[in-house]
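A.B. asks: Here is my input; please provide its structure:
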Amino acid sequence: MIGASAFGAAAALGLPVSASTPKKGGELRLGIADFDSGDTLNPQLTESRFAMNLQWQLRNNLIEVGPGGVLQPELATEWESSADAQTWNFKLRKGVEFHNGKTLTAEDVIYSLNLHRGEDTVSEVKSLMKQITDITANGDHEITITLEAPNASLPSLMSVSNLTIVQAGETDFDAGIGTGGYILESFEPGVKSRVSRNPNYWKEGRAHFDAVELIAIRDVNARTTALQTGQIDAMNFVDPTTANLLKTLPGLDLIQTQGKVHYCFSMITTQAPFADVRVRKALKLAIDRNEMVEKVLGGFGSVANDQPISVAYQYHNPTIPKHEYDPDQARALIKAAGAEGEVLTLHASDTPFTGAVDAAQLFSEQAAKAGIKINVTREPDDGYWSNVWGKKPFFASRWSGRPNEDLMLTLAYSRESTWNATQWDNDAFNKALLAARGETDETKRKELYWECQRLLSEDGGLIAPVWADFLDVKSNKIAAGEISSDWDLDGARASERWWMA
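C.D. replies: Here you go, the predicted structure:
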């Protein structure tokens, strides 16, 4: 199927696939860095890593993203499209039960998908769902989705974390009822959650632990200490500067996964001085990317070129002219834009990524050599996504990638998205993106996605200096198979995929 790319086969480095046979039992405690006191189990508002991990403990999607970015059947057993890719049929798995004993039917799936459609929805993926004009049931175990225009990669959309399936008519989302491998015991937003294994889980060979706890620990040093002292069994968002040390400690496994993450500093392109493309270009030339990889990532990543599509995607464009560190040209562009001497405020916290404040300070030092003054304002960690991200004119950000190019580019940088935090609106980009979505010819599709990346790199409001590897670490008492690369902690599904060694 055209969709999430097998080409994006991002390997887990330094962590051999476990030879042990998965077995039931034990408890898993995960230290989660990304969370918010406003986290909820409403699928429309699945935003933080904490919420995502908890959702996938409790609920399933129609389609799951496996290792290498390959789409795998979940609640949908198979899917196919019309010749023009404008109508899609999904056959649903039979005999699946919700935690309260209700049997899954097409009615539940249609209700769940419709939560994200319509003008009144508060869904974070509203813009992605606008392309759907109708969803109908063909009996109890098949649905048909009709689109306003062809989309050859629609199945990838069915895998995003917001589109988990709940019961028809459900409004008490925080009760956590789903078809997933675990049943909710408790959930305290911004603090912790606890689930226990679903004895009637339909998915064979998954959900091995008796119970799983998610523990919210913002500070990376506190998470690391909790792991070393046995208070947690695994953690995400390892500090790259200490990752090599963790690799040498007995009893710990560092999981380095080359994925689709880009760290960035984003500019709202409708606000001065960032509305001027010369200012945006100057800032892209005023950042030393190699030094960022060395000092911020500790070598656990690679240089990026202000494009969100890394080599882990099928249609990565390697031909875009490189934005090399050039203080002299950056100085000339700032002067030409009439912004010479202007002080820019860069808002950051370590919520977007570990080391974001240090990266902002380093950027400030690098830009100073071009005569560009950047003051770094450290923002509170809690509430960063709601109060700073997309609200302040210049801010630190992170995108962890999506199953394919269409979802990544549409969600983060298109005109139709409510998550376009830079408010960049480029006609040529939007037209190429729409054309690529419906293009079934591989060569033409690649050309269109390459053009999207070129336009974004040259004109867009993101300064993306690096692609970062996912860095997790776990106790060697916990075993894992092949690691997925779409999110940290095994695609945010470690609770379901890992087991006691």
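A.B. asks: Measure how buried Ser485 is and give me the count.
C.D. replies: 27 (other C-beta atoms under 10 Å). For glycine as for every other residue, the C-beta is placed from the backbone atoms N, C-alpha and C.
A.B. asks: now do Met129
C.D. replies: 20.
A.B. asks: which SSE is the nearest residue to it once chain neighbours are set aside in?
C.D. replies: Distances taken as C-beta to C-beta, 6 or more residues apart in numbering put His116 closest to Met129, at 4.5 Å, once the chain neighbours are dropped. Using DSSP states H and E, His116 falls within no helix or strand.
A.B. asks: Return the distance of His116 relative to Val279.
C.D. replies: Here His116 is placed at a distance of 36 Å from Val279 (C-beta to C-beta, to the nearest Å).
A.B. asks: Likewise for Val303?
C.D. replies: 22 Å.
A.B. asks: Between these two, tell me which one has more neighbours.
C.D. replies: Taking neighbours as other C-beta under 10 Å, Val303 and Val279 compare with Val279 leading, 24 against 17.
A.B. asks: Could you list the buried residues of the helix or strand that one falls within?
C.D. replies: Element membership of Val279 [criterion: DSSP H and E] is helix 277-285. For helix 277-285, a neighbour-count test (16 or more other C-beta atoms under 10 Å) marks 278-285 as buried.
A.B. asks: possible to save those as CSV with pLDDT?
C.D. replies: Shown next, in CSV, are these (pLDDT from 0 to 100):
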residue, pLDDT
Arg278, 98
Val279, 98
Arg280, 98
Lys281, 98
Ala282, 98
Leu283, 98
Lys284, 98
Leu285, 98
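A.B. asks: which one among those gets closest to Ala332?
C.D. replies: For those, the residue nearest Ala332 by C-beta to C-beta is Ala282; the value is 8.1 Å.
A.B. asks: Please give me every residue in contact with the nearest residue to that closest one once chain neighbours are set aside.
C.D. replies: Leaving aside its chain neighbours, Ala282 sits nearest to Leu333 (3.8 Å; criterion: C-beta to C-beta, 6+ apart). Shown in contact with Leu333 (C-beta atoms under 8 Å, 6 or more residues apart in numbering): 278-279, 281-282, 285.
A.B. asks: Report the buried residues of the strand or helix carrying Leu333.
C.D. replies: In the assignment (DSSP H and E), Leu333 maps to helix 327-336. Neighbour-count burial for helix 327-336 flags 327, 330-334 (criterion: 16+ other C-beta under 10 Å).
A.B. asks: residues making contact with the helix holding Val279?
C.D. replies: Contact with helix 277-285 is made by 265, 267, 269, 273-274, 306, 323-327, 329-331, 333-334, 336-337, 339, 367, 370, 372, 458-461, 463, as judged by C-beta under 8 Å, 6+ apart.
A.B. asks: Buried among those? Need that as a selection in PyMOL.
C.D. replies: Those of those that count as buried under 16+ other C-beta under 10 Å are selected in PyMOL with:
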select buried, resi 265+267+269+273+274+306+323+325+326+327+330+331+333+334+337+339+367+370+372+458+459+460+461+463
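A.B. asks: sec struct for the closest residue to Leu163 other than its chain neighbours, please.
C.D. replies: Nearest residue to Leu163 in three dimensions, chain neighbours excluded: Asn61, at 5.7 Å (C-beta to C-beta, 6+ apart). Of the three states, Asn61 takes coil according to DSSP: H, G, I helix; E, B strand; the rest coil.
A.B. asks: Count the neighbours of Asn61 for me.
C.D. replies: 22.
A.B. asks: Touching, it and Ser159? I think so.
C.D. replies: Yes. At 5.4 Å, Asn61 and Ser159 qualify as touching, with contact defined as C-beta atoms under 8 Å.
A.B. asks: hey, what's in contact with both of those two?
C.D. replies: Glu74.
A.B. asks: so where is the chain shaky, pLDDT-wise?
C.D. replies: 1-19 (pLDDT under 70).
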